[in-house]
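Asks: Quick one, structure for this:
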Amino acid sequence: MNLAYIPSPSRGVLHLGPIPLRGYAFCIIIGVFVAVWLGNKRWIARGGRVGTVADISVWAVPFGLVGGRLYHVITDYELYFSEGRDWVDAFKIWEGGLGIWGAIALGAVGAWIGCRRRGIPLPAYADAIAPGIALAQAIGRWGNWFNQELYGKPTDLPWALHITSSSDGRVPGYYHPTFLYESLWCIGVALLVIWADRRFKLGHGRAFALYVAAYCVGRAWIEYMRVDDAHHILGLRLNDWTAIVVFLLAVTYIVLSARKRPGREEVVEPGAADDAAEGGEDEDKPKDEAADAEAAEAEDATPAEDSADAKAEAETEEETEDKAKDEAEAKAEAKDEAESAGKKA
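Replies: The predicted structure follows:
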C-alpha cells in the first residue's frame with residue numbers, strides 16, 4: 001500500500017436538488033471559458049476586435065464537442081454497439097469520452113464558418129486561440145480524474161493515482177495518473193507557444209501548428225503508458241499512430257508556410273483599425289470641447305474686463321483734471337490777494 005498517493009473522488013457528480021452537477025462537464029466548461037478569455041486577449045493584441053473570439057467560438061465549440069464525441073464513439077464502437085451494450089450511451093457525453101483529434105478537426109470546421117462570416121482569415125484566428133486550447137485541454141483532463149478513467153500502468157510512486165471504483169472492468173489499485181501528466185504537458189505546450197509567438201512573431205497558422213506538434217509529442221508517450229482498452233496497429237495504440245501522423249503534418253506545415261508566407265499578418269480583422277481610430281477620436285473629443293469652452297469663456301470675459309479698465313482710466317483722468325483746476329484757482333486767488341495788499345500799502 002502506498003503511503004502517499006493522489007486520491008480519487010468518491011463520486012463524479014453532485015446533486016443540487018434534481019439538478020446533477022458533473023465534475024467532467026464542469027472541467028469542459030471551465031476550459032472553454034479560459035480558452036475564449038486568453039484567445040480574446042491575444043486576438044485584440046494582434047489587432048482584432050473585442051468579442052470576435054467569443055462570437056466565433058459559438059460555432060467552434062459545438063462543432064468541437066460533436067467531433068470529439070464522434071471520434072471517441074467510432075474508435076471505441078464496441079463500448080456502445082457490441083452485444084450487451086446500449087447504443088443510447090453513445091449520446092451520454094457527460095460520462096466521459098471526447099477524442100481531441102475529432103474535437104480539433106470538426107471544431108476547425110466550425111471556426112472556419114465563423115471566420116468566413118466575419119471575413120477573418122482562419123490561420124490568424126487559430127494562432128490567437130492556440131495557447132488557450134492547450135490550457136482548455138489541461139483543465140478538461142481533470143474530468144477524467146472525476147470519472148476515474150484513462151489512468152496508466154500500476155506504480156508505487158508517491159504521486160500514484162488511487163483508483164477505487166470497480167465498475168466497467170476497473171481494478172482498484174494505484175496507477176500512473178496519466179490525466180495529470182497530460183494536464184501538465186498541455187500547460188507546458190501553452191507556455192511554449194506563447195513564448196515562441198513572441199520571440200519569432202509566428203503567423204499564418206504556424207503558432208497553431210506548433211501547438212499541435214508539441215501536443216502530439218506528449219500525447220505519444222502518455223498514450224503508451226495507458227492501460228485502458230484500445231485498438232492496436234503493429235503493436236502501437238491507434239492514438240499513437242494518430243499522434244505520429246498529425247505531428248508530421250504539423251511540422252511539414254510549419255516549414256512550408258514559413259517559406260511561402262514568412263512573417264505575420266498585418267491585418268487580421270478588416271475594420272478593426274478604423275474602430276480603434278474612431279475610439280481615439282472620441283476620447284480626445286471631451287478634451288477638445290473643454291478647451292473650446294475655456295476659450296469661449298475667455299473671449300466672453302475680455303469685453304467686460306476691457307470695459308472695467310477703460311472706466312478706471314477715465315476716472316483717473318477726471319480726477320487729474322479736477323486737481324489741476326483746483327490748483328489753478330488757488331494760484332489765482334493768491335495773486336489777487338497779493339495785488340490788493342500792494343494797493344493798500
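Asks: Could I get the pLDDT score of the residue nearest to residue 96 when sequence neighbours are not counted?
Replies: Leaving aside its chain neighbours, residue 96 sits nearest to residue 147 (4.6 Å; criterion: C-beta to C-beta, 6 or more residues apart in numbering). To be clear about C-beta, it is placed using only N, CA and C from the backbone, and glycine gets the same treatment. What the model reports as pLDDT for residue 147 is 88.
Asks: Residue 27 too?
Replies: Residue 27 is given a pLDDT of 93.
Asks: now do residue 9
Replies: 89.
Asks: Near it, how many other residues are there?
Replies: 14 (other C-beta atoms under 10 Å).
Asks: I'd say it and residue 143 touch.
Replies: No - between residue 9 and residue 143 there is no contact under C-beta atoms under 8 Å: 11.1 Å.
Asks: Give the residues shared as contacts by the two.
Replies: Taking C-beta atoms under 8 Å, 6 or more residues apart in numbering as the criterion, residue 9 and residue 143 both touch residue 23.
Asks: Residue 40 and residue 54 touch, don't they?
Replies: Yes - contact criterion C-beta under 8 Å: residue 40 and residue 54 qualify, at 6.5 Å.
Asks: any low-confidence regions in the protein?
Replies: For the chain, residues meeting the criterion pLDDT under 70 lie at 1-3, 273-345.
Asks: all strands of it, in order?
Replies: Here the chain has its strands, by DSSP state E, at 6-7, 13-16, 19-22, 161-163, 173-175, 232-233, 236-237.
Asks: Would you mark the buried spots in the third one?
Replies: Right, the one you point to is strand 19-22. Residues residue 22 are the ones in strand 19-22 that count as buried (16 or more other C-beta atoms under 10 Å).
Asks: Next, report how far that strand is displaced from the centre of its chain.
Replies: 28 Å (C-alpha atoms, centre = their mean, to the nearest Å).
Asks: Send over that strand as CSV, restricted to the C-alpha atoms.
Replies: The C-alpha trace of strand 19-22 is given here as CSV (Å, rounded to 0.1, in the frame of the first residue of the first chain):
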residue,chain,number,x,y,z
ILE,A,19,-30.0,19.1,-11.0
PRO,A,20,-26.9,16.9,-11.4
LEU,A,21,-23.6,18.8,-11.2
ARG,A,22,-21.0,16.6,-13.0
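Asks: neighbour-wise, which of residue 40 and residue 54 wins?
Replies: With neighbours defined as other C-beta under 10 Å, residue 40 and residue 54 compare such that residue 40 has more, 21 against 14.
Asks: Excluding covalently adjacent residues, which one is nearest to the more buried one?
Replies: Nearest in space to residue 40, with sequence neighbours left out and distances taken as C-beta to C-beta, 6+ apart, is residue 53 at 4.4 Å.
Asks: Report the contact partners of that neighbour.
Replies: Applying C-beta under 8 Å, 6+ apart, the residues contacting residue 53 are 36, 39-40, 43, 125, 128-129.
Asks: circling back to that earlier point, how about the strands of the chain in TSV, adding distance to residue 254?
Replies: Shown next, in TSV, are the strands of the chain (distance: least, C-beta to C-beta, whole Å):
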stretch	distance to residue 254
strand 6-7	36
strand 13-16	42
strand 19-22	38
strand 161-163	35
strand 173-175	35
strand 232-233	26
strand 236-237	24
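Asks: can you tell me which of those comes nearest to residue 107?
Replies: strand 19-22 (21.4 Å; C-beta to C-beta).
Asks: What strands flank the closest one, and is each parallel or antiparallel?
Replies: strand 13-16 (antiparallel) (DSSP bridges).
Asks: residue contacts, residue 66?
Replies: Contacts of residue 66 (C-beta under 8 Å, 6+ apart): residue 106.
Asks: Okay, it and residue 240: tell me how far apart.
Replies: Between residue 66 and residue 240 the distance, using C-beta to C-beta, to the nearest Å, works out to 24 Å.
Asks: what's near enough to touch the nearest residue to residue 71 once chain neighbours are set aside?
Replies: What sits nearest to residue 71 in space, not counting adjacent residues and going by C-beta to C-beta, 6+ apart, is residue 102, at 2.6 Å. Contacts here follow C-beta under 8 Å, 6+ apart; on that basis residue 102 touches 67-72, 74.
Asks: Sounds good, over and out.
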